Structures are given as structure tokens and as C-alpha cells.
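*Asks:* Predicted structure and sequence below. I'll ask about it afterward.
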Amino acid sequence: MKKLLCLMLLLNLFFVAGNTSLWADARSDYESYVSTYNAYRNAVNEKKPAAEILELLEAYQSAKATYEGSLNRTSGQTPATQAVTAQQQTTTASTVAVNPADSEYSSATRKQVPVGLQRIIDQLWSDSGRKNPDQAMKMLSTFIDSNGSSQYADVARYELAKAYELLKEDEASAAKVLNQIGRNNPNSRLAALAKERVKYLNASKQYVQWKQSLNSKYDVSRESYAKYQNTSWLAFPVKVTRWVGYAGKLFNFDKTQNDFNKFQVWYEEMGARFAPPVEITFDRFKVANGTSDQNAVVSLAYSNSQSWYSRWKTLNEARQSIDVQYFIMEKDIFGYSLLGALLRKAKEGLKIRLLLDARGTKQLTRKLLGQDLLQELTEYPNVEVKVFNPVHANLLLVFKDPRKLIASNHDKIIVVDNEYVIIGGRNVSMDYFLEPADHSGAYRDCDVVIKSSEISEQLAAAFDEEFAKLVTYSITKELWGNVDIMSDYLQAGYDVMNSHINNERFVMPKNANKKYLTAAANYLKEMSGYDNLRNYTGFDPFANSITAPAKIIDKHSISGPRNDITDQMIRYIDGCKSEIVIQNPYVVLTERMFNALKRAGKRGVPIKMHTNSPASTDSLATQAMFYADWKRIFAEIPNIRIFVYKGANKLHAKNWVFDHKIGVVGTYNLDYLSEEVNSEVVAAVKSLEFAKQLRDEIFIDIGISDEYEVGYSSTGEVQSIRGPDDLPGKNFWLLKFISKLSFLKKII
């Protein structure tokens with residue numbers, strides 16, 4: 001043994017003597033590598049400007065590559081490939097985080113990948129590489145051909161397969177490459193991973209087939225209903241026959257929809273490990289009408305008054321067309337003045353379409369003596385007004401699924417001139433547009449205002465799918481003419497609002513009739529205390545905007561097949577690596593959403609949720625279901641923190657931030673109604689700056705909120721340290737009673 005040690009020492013001295021300069025270079029390169037890494041890490045921790053961080057990151061990447069190259073030289077190794085250019089050595093901040101292999105390879109495997117191969121992989125998954133992957137994919141193929149028996153050839157094959165799947169959408173080629181992995185080492189971890197991914201690709205084919213079947217059966221049921229509806233009652237036997245045929249097709253669609261939902265739970269669970277990072281998830285999503293915009297102008301609107309100003313400016317400056325869709329529109333100054341603005345544009349000849357939900361706007365839409373205000377708009381041939389009311393088209397299924405009777409159009413949409421878009425959580429009433437200083441019951445909500453013809457087309461497509469549905473009916477002119485003229489109420493609302501927000505003294509018009517005078521006097525009295533709604537003059541909705549890729553994600557009500565929102569939110573959750581931030585007023589987690597958050601928590605992803613408490617909620621029943629679930633959430637979802645509003649102001653914003661990179665704003669609540677029953681719509685924006693703005697606003701709210709905390713008993717049972725019982729609201733006894741009625745969860 002001693003002789004062996006002496007021999008090794010002599011060999012080592014000989015090796016060092018012959019390679020002194022190489023080891024000196026390696027030592028110098030190592031010191032440079034460590035110092036640049038520390039500089040980069042400190043810049044990130046200190047939140048230095050993005051440009052400075054990027055510069056330090058590039059220096060670190062370069063030093064790292066140089067050091068690894070020197071190690072290869074000292075160990076007698078040669079670079080894995082010579083086909084790496086200087087340009088391909090440069091990576092961006094997003095490249096480091098976006099590599100889909102991060103959650104699949106072991107840390108040991110990642111560290112052992114040759115430098116040349118790693119550079120190709122980094123280039124492939126960089127922003128520019130994902131847009132134009134052909135060169136990097138060709139380089140991977142070259143590496144495989146040159147190193148076919150190497151263990152790293154399988155790494156290259158795996159990356160190539162993912163590129164086919166995620167960047168080329170060629171799942172057949174992806175499966176072919178995956179099936180080549182493990183020929184030399186069939187028991188390797190990567191070989192097992194490749195087999196699992198092939199199973200996932202096969203399941204993805206089934207997923208597509210399910211969606212195609214669902215869409216097909218929906219179209220068949222629509223055609224059947226149209227035939228029934230267009231058949232005269234004079235042909236009674238034919239009409240009855242067609243009604244029976246429609247009933248059968250509707251039941252068939254409903255069964256397929258329920259079976260597909262069950263399949264999705266399994267599919268998402270088995271495919272979660274292969275979910276790409278959130279940037280790729282965003283890029284891969286195909287919007288409803290196939291258009292996209294990489295340079296949308298996006299402005300975040302948290303301020304209630306500024307959200308109203310955005311609507312006022314956008315509507316009043318419309319020149320060609322207006323689409324408006326709301327769940328709630330109250331008969332207050334905001335509802336009257338918005339309808340007044342539409343009436344003015346109707347007189348100018350603009351094409352106007354208005355869609356309101358029957359349940360949320362019953363004061364305006366009920367058929368008996370309730371539609372007078374809306375009928376003022378339908379006096380103009382360029383205006384269409386419809387009401388979303390699924391009852392008459394879903395009576396056949398009421399006993400099978402009573403949720404069809406309560407399904408609503410929950411969208412909040414404004415599209416103007418095919419260029420401007422407003423979307424978010426706000427309905428039309430004083431609760432959403434007054435500042436808390438003027439109205440103690442004001443909601444905390446959020447919108448986005450977007451300038452983009454492509455985004456407008458996307459949202460118009462979402463609007464069209466609801467507007468043209470069988471589950472809507474049109475409001476038409478009065479049968480005997482416009483007997484009770486209500487336009488004065490709308491005109492007065494417009495005039496008073498316009499004067500007030502411009503901080504001008506309102507002057508009653510000469511020759512105004514009694515209706516106008518009475519209405520204006522009432523509106524003036526109503527607005528007298530709204531002191532923080534007087535700053536419209538000079539308002540620019542895009543003053544603090546950013547330019548970024550954006551997409552509209554849509555969801556039908558239970559009567560239709562589309563549910564892109566739930567699918568996409570779960571993909572984002574499964575692809576998250578660093579943080580999930582959720583702000584939502586109504587949290588009743590469905591099985592799919594609970595499982596997704598549970599998977600993220602188990603991966604170690606921090607989850608921060610901001611919602612209402614019993615003291616702030618406007619929905620006792622929803623809060624009751626959350627009261628029943630909150631301890632289970634802590635028990636089964638690791639790494640989650642829950643923050644709650646506690647005061648008079650109520651949270652109504654529905655926002656998400658994924659990995660500091662993707663921000664989502666819209667109408668989608670975290671409950672069964674949004675996932676399974678109502679129509680919803682959201683906007684997703686891929687931007688570090690937008691995500692930061694949105695996250696900062698959420699954390700401002702978190703800063704004035706309480707945090708729920710739990711402990712654990714000796715038997716592992718979750719125990720409340722601070723929870724809903726510490727923030728009781730009105731009728732808390734009733735809330736606790738309802739919390740025991742778990743069968744209500746799916747209809748609340």
C-alpha cells in the first residue's frame with residue numbers, strides 16, 4: 001500500500017511539473033468564475049437594474065465556460081463539439097430559468113453535461129433560440145451522430161425530443177427520438193424518464209381527441225336546437241320530434257363533458273412533471289382566433305377612479321364600433337352614464353353590441369317592465385342588445401345538473417374600434433369605481449387596459465362566442481313604439497357624470513324637460529360626496545404602460561365546450577419554479593386546482609394567496625366553504641401562505657403572478673362556478689415589468705392584511721393559531737352553519 005501511494009505521489013509530481021501552466025490557468029479561471037458569480041448573485045439580491053444584472057450574468061456565464069474549458073484541458077479531455085460560436089455562448093437571464101430540464105435531470109447529471117453540449121442546450125431554450133430553434137436542433141443532431149455511444153448522447157436526444165414537442169409541436173418526431181434513449185443503458189434514469197414522457201405524449205393525443213369530440217358534439221347540439229327553434233308550432237309533430245332529438249344530443253354533450261373533466265384530472269397529474277416553464281406555456285397557448293401580439297401596449301389599473309376614467313375616455317373617443325359585456329350593471333349614476341355614453345355613440349352611427357347577464361342585471365333586463373332603458377338603444381338599427389339567460393335552453397338538463405340554471409356570463413369586456421380593450425374584475429356600479437375615501441363599501445379590484453388590434457380581435461372572438469350563443473335572447477323595440485321615452489335619464493346621467501369628473505359646475509340645459517331635470521337633480525345629489533372622482537381632465541390610460549406579449553384566454557359557460565382558462569392556469573402552476581402569487585376574492589378550490597397547487601407546494605414552490613376574510617367578504621356562502629377548507633389547505637399544500645383582508649373594503653380582484661414573469665388579470669374566481677359553470681375571460685401578459693407591477697400591487701394589499709397561521713398537535717392535526725374565527729364578520733354563526741353543508745360547494 002505504501003509503495004502504491006509513493007508511486008501515485010511520483011506520478012502526481014510528474015504530472016504537475018508537466019502541466020504547471022495549465023493548473024495555474026485553471027486556478028486563475030476558477031477565481032474569476034467565483035468572483036463573477038458572487039457579483040451576479042449580489043446584484044440579484046440587491047435588486048439592481050435589469051441591465052446591470054444581465055451584464056453580470058453574461059460575465060459569469062463566460063467565466064464559468066472558461067473555467068470548465070480549462071478543466072477539460074487539464075484532464076486531457078477535448079470539447080464535446082467545436083460548432084459553438086461566440087454568439088451562442090451568450091445567454092440571457094431568462095435562459096437560465098427557462099430550461100425545461102431543470103425539473104427533470106438530477107443535479108449530478110446537469111453538472112456533468114459537457115460544456116459544449118450545455119451551451120447548445122442553453123441556446124436552444126433562450127428567447128431567441130425558442131423562436132428559431134432549427135440551428136440548435138441541428139447541432140444537437142450533430143452531437144448525437146458524433147457521440148452516439150456516449151451517455152450524453154441520450155441527454156442530447158432528450159433535449160431534441162423536447163424541442164420537437166414544445167417548439168415544433170411535432171409529437172411524432174419527439175416520440176421517435178425518445179424511443180432511442182437508453183439503448184446502451186436501458187436502466188438509466190433518463191431512459192425511464194423518456195418512457196414516461198412517451199406515455200405522456202400518447203395521453204396528449206387522447207386529450208386532443210377528447211376536445212375534438214366535445215366540440216363536435218357541441219356543434220351537433222347547436223344545429224339540432226336551431227332546427228327545433230326554427231320549426232313552426234303549426235308543424236307540431238315535427239317540432240316535438242326535433243325537440244326529442246335535441247334532448248338526446250344535449251344529454252350526449254353533457255355526458256362527454258363530464259367524462260372529459262374526469263380524464264383531465266388524471267392527465268394533469270401524470271403530465272405535471274413534464275410541464276414546461278411558464279414562458280413556454282405562454283408561447284405555446286393558441287388564442288381562440290389564431291392571432292397574437294408581441295408588442296401590445298398594456299396598462300394596469302388598480303385605482304377605482306382611474307379605471308372609470310379609462311372606460312369613459314375609451315367609450316367617448318370611439319369612432320367605429322363598441323362591444324360591451326358585463327355581469328352586473330346597476331341602476332346608479334355609473335350604469336346610467338355608461339348607457340348614456342352608448343346612446344350618444346348610437347346617435348353618431350357607431351356599431352354597438354351590448355351583452356348583459358340576466359342574473360346580474362335583472363333590474364335592467366327583466367322582460368316585464370324592466371327593459372325600457374335598454375330599449376332606448378335598440379331604437380337605432382346600428383345597435384344590438386342581448387341578454388345571457390341559459391334557462392330557456394337548458395331546461396332539459398335541470399334535473400341532471402341544476403347548475404345549468406344558474407350559469408352566468410361573468411365576463412367584463414369593452415372592445416372599442418378593434419384597437420382598445422378593457423378587461424378585469426370590475427362590474428358597473430359605484431362599488432367598483434369610487435375610492436374608499438368616498439365610499440366605505442368600495443371594492444379593491446383590478447383591470448388591464450390594452451392597445452392592440454390583435455388583442456382586440458382575440459377579445460372580440462370571445463365576445464362573439466357568447467353573443468351568438470343559443471343561450472341569449474335579443475332585446476327589441478317596444479311593440480307599440482317607444483311609449484315611455486327614457487333617453488332623458490341616460491342623457492342626464494351622461495351630462496352630470498361628464499361635468500363632475502372634469503371638476504366643472506353643472507348647468508341645467510335650457511328647455512330641458514321634467515324627466516331630465518328630475519334625473520339630473522337626483523344624480524347631482526348622488527355625486528355630491530364623490531370628491532375623489534374629479535380628476536379626469538388630461539387623464540391618459542397609458543401613462544404608465546408597458547409593451548409586451550399578451551394573450552386573451554377564454555372560457556365558455558357550462559353550456560359550451562371551451563375552458564382554456566382552467567387548463568392554462570394549471571399549466572402555469574405546474575410549470576412554476578420560483579413563486580406563485582394568487583389574489584382572488586372567492587376561494588373554493590376544485591379538485592383540479594387543489595391538486596395543481598399541491599403539486600407545486602411539494603416541488604418547493606412558495607405559494608402566496610391573498611383573499612377575503614369573514615370580516616371583508618361580500619359572499620357569505622363562498623366564505624363558508626373556504627372556512628370549511630382552510631385547515632385542509634394548510635395540511636395538504638406545502639409552502640402556502642394565506643393573507644386576508646380584514647376591514648370594510650372588500651377584495652374583488654382576480655389576479656395571478658407566475659415566477660415573476662407572467663401576470664394574469666381577469667374575471668376568473670378560484671371556485672367551482674368559475675371553473676365549471678360560468679363564462680370567464682382573462683388577459684395574460686408575459687413581461688417581467690408587468691409582473692412586477694402586478695405583484696407589487698398585490699403585496700401592497702398583503703401589507704394591510706392579516707395572515708392565517710396554523711400549528712400542529714402531537715398527533716399531526718392542524719390547529720389554528722390565527723384564522724377565520726379571529727376575524728368574524730356579520731352573521732358569522734350562519735357562515736359556520738353553511739360551512740357544514742359541503743354538498744353546496746359546487747353551486748356557490
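*Replies:* Perfect, thanks for sending it.

*Asks:* what does the one helix or strand Met593 maps to contact?
*Replies:* Element membership for Met593, per DSSP states H and E: helix 591-602. By C-beta atoms under 8 Å, 6 or more residues apart in numbering, the residues outside helix 591-602 that reach it are 264-265, 268-269, 272, 566, 569-570, 573-574, 576, 580, 589, 607, 633, 636-640, 670, 675. No exception for glycine: its C-beta is placed from N, CA and C like everyone else's.

*Asks:* what number of residues lie near Gly340?
*Replies:* 26 (other C-beta atoms under 10 Å).

*Asks:* from what I can see it touches Gly493, true?
*Replies:* Yes - using C-beta atoms under 8 Å, Gly340 is in contact with Gly493, at 4.6 Å.

*Asks:* what about the longest helix in the chain?
*Replies:* helix 189-229 (DSSP state H).

*Asks:* That one - contacts with which helices or strands?
*Replies:* Contacts defined by 3 or more C-beta pairs under 8 Å, 6 or more residues apart in numbering; DSSP states H and E place helix 189-229 against helix 151-162, helix 171-178, helix 236-271.

*Asks:* out of those, nearest to Val208?
*Replies:* Closest to Val208 of those is helix 171-178 (C-beta to C-beta; 9.5 Å).

*Asks:* Could you tell me the angle between the closest one and helix 189-229?
*Replies:* 160 degrees (axes from the mean of the first three to the mean of the last three C-alpha atoms, to 10 degrees).

*Asks:* what does helix 171-178 rub up against?
*Replies:* 157-158, 160-162, 164-165, 194-195, 197-198, 201-202, 204-205.

*Asks:* re the thing from before, mind putting the helices and strands packed on helix 189-229 into TSV with distance to Leu434 and mean neighbour count?
*Replies:* TSV is the format used below for these (distance: least, C-beta to C-beta, whole Å; neighbours: other C-beta atoms under 10 Å):
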stretch	distance to Leu434	mean neighbour count
helix 151-162	50	24
helix 171-178	52	19
helix 236-271	40	16
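
*Asks:* Would you reformat the ones you listed as JSON lines and include distance to Lys745 and mean pLDDT?
*Replies:* JSON lines is the format used below for the helices and strands packed on helix 189-229 (distance: least, C-beta to C-beta, whole Å; pLDDT from 0 to 100):
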{"stretch": "helix 151-162", "distance to Lys745": "38", "mean pLDDT": "94"}
{"stretch": "helix 171-178", "distance to Lys745": "37", "mean pLDDT": "97"}
{"stretch": "helix 236-271", "distance to Lys745": "15", "mean pLDDT": "91"}
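
*Asks:* Put together JSON lines for those helices, with distance to Asn612 on each row.
*Replies:* Shown next, in JSON lines, are the helices and strands packed on helix 189-229 (distance: least, C-beta to C-beta, whole Å):
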{"stretch": "helix 151-162", "distance to Asn612": "41"}
{"stretch": "helix 171-178", "distance to Asn612": "43"}
{"stretch": "helix 236-271", "distance to Asn612": "27"}
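
*Asks:* Would you mind saying which of those lies nearest Asn513?
*Replies:* Taking these one by one with C-beta to C-beta, helix 236-271 is closest: 47.9 Å.

*Asks:* So for the following helix or strand past the closest one, mean pLDDT?
*Replies:* Remark: after helix 236-271, the chain's next helix or strand is helix 278-284, criterion DSSP H and E. For helix 278-284, mean pLDDT is 96.

*Asks:* which helices and strands does the following helix or strand past helix 278-284 pack with?
*Replies:* Counting by DSSP H and E, the next helix or strand C-terminal to helix 278-284 is strand 293-301. Packing partners of strand 293-301 (3+ C-beta pairs under 8 Å, 6+ apart): helix 304-316, strand 447-451, helix 453-467, strand 546-555, strand 680-686, helix 688-703.

*Asks:* Can I get strand 293-301 in CSV? Just the C-alpha atoms.
*Replies:* Taking Å, rounded to 0.1, in the frame of the first residue of the first chain, the C-alpha atoms of strand 293-301 are listed here in CSV:
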residue,chain,number,x,y,z
ASP,A,293,-49.3,40.3,-30.5
GLN,A,294,-45.7,40.5,-29.2
ASN,A,295,-46.0,44.3,-28.7
ALA,A,296,-49.3,45.0,-27.0
VAL,A,297,-49.4,48.3,-25.0
VAL,A,298,-50.7,47.2,-21.6
SER,A,299,-51.6,49.4,-18.6
LEU,A,300,-52.5,48.1,-15.2
ALA,A,301,-55.5,49.8,-13.5
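
*Asks:* can you list contacts of that strand?
*Replies:* 307, 310, 422, 424, 446-455, 541-550, 665, 683, 685, 687, 690, 693-694, 697.

*Asks:* Can you flag the buried ones in these?
*Replies:* Buried members of the contacts of strand 293-301, scored by 16 or more other C-beta atoms under 10 Å, are 307, 310, 422, 424, 446-452, 454-455, 541, 545-550, 665, 683, 685, 687, 690, 693-694, 697.

*Asks:* got the phi/psi numbers for the residue nearest to the spatial centre of the chain?
*Replies:* When C-alpha atoms, centre = their mean is applied to the chain, the residue found nearest the centroid is Val664 (4.0 Å). Per-residue torsions, Val664: phi -130, psi 130 (degrees, to the nearest 10).

*Asks:* I'd say it and Ala653 touch.
*Replies:* No - Val664 is not in contact with Ala653 according to C-beta under 8 Å; the separation is 11.2 Å.

*Asks:* okay, how far is it across stretch 428-445, tip to tip?
*Replies:* 12 Å (C-alpha to C-alpha, to the nearest Å).

*Asks:* typo on my end, stretch 42-60
*Replies:* End-to-end distance (C-alpha to C-alpha), stretch 42-60: 12 Å.

*Asks:* now swap in stretch 707-723 and tell me
*Replies:* 8 Å.

*Asks:* what residues does that stretch touch?
*Replies:* Trp630, Lys631, Arg632, Phe634, Ala635, Arg641, Ile642, Phe643, Val644, Asp706, Pro724, Asp726.

*Asks:* Buried residues of that stretch, list them for me.
*Replies:* Tyr708, Val710, Val718, Gly723.

*Asks:* Give me the subset of the residues you listed that lies in strands.
*Replies:* Residues of the buried residues of stretch 707-723 located in strands (DSSP state E): Tyr708, Val710, Val718.

*Asks:* now, among those residues, which is nearest to Pro186?
*Replies:* Closest approach to Pro186 among those (C-beta to C-beta): Val718, at 44.5 Å.

*Asks:* And the helices in the stretch 501-650 of the chain, which stretches?
*Replies:* For the stretch 501-650 of the chain, applying DSSP state H, counting those that start in this stretch gives helices covering 514-527, 564-575, 591-602, 620-636.

*Asks:* Would you mark the buried spots in the last one?
*Replies:* Applying a neighbour-count criterion of 16+ other C-beta under 10 Å, one finds 620-631, 633-634, 636 buried in helix 620-636.

*Asks:* how about the nearest residue to Glu376, chain neighbours excluded?
*Replies:* In space, and not counting its chain neighbours, Glu376 is closest to Ser487: 4.8 Å by C-beta to C-beta, 6 or more residues apart in numbering.

*Asks:* Phi, psi for the one you found please.
*Replies:* phi -60, psi -30.

*Asks:* Ala346 is in contact with that one, correct?
*Replies:* No - with contact defined as C-beta under 8 Å, Ser487 does not count as touching Ala346 (10.0 Å).

*Asks:* where's Gln386, which helix or strand?
*Replies:* One thing to correct before we go on: residue 386 is Lys, not Gln. Counting by DSSP H and E, Lys386 is found in strand 383-388.
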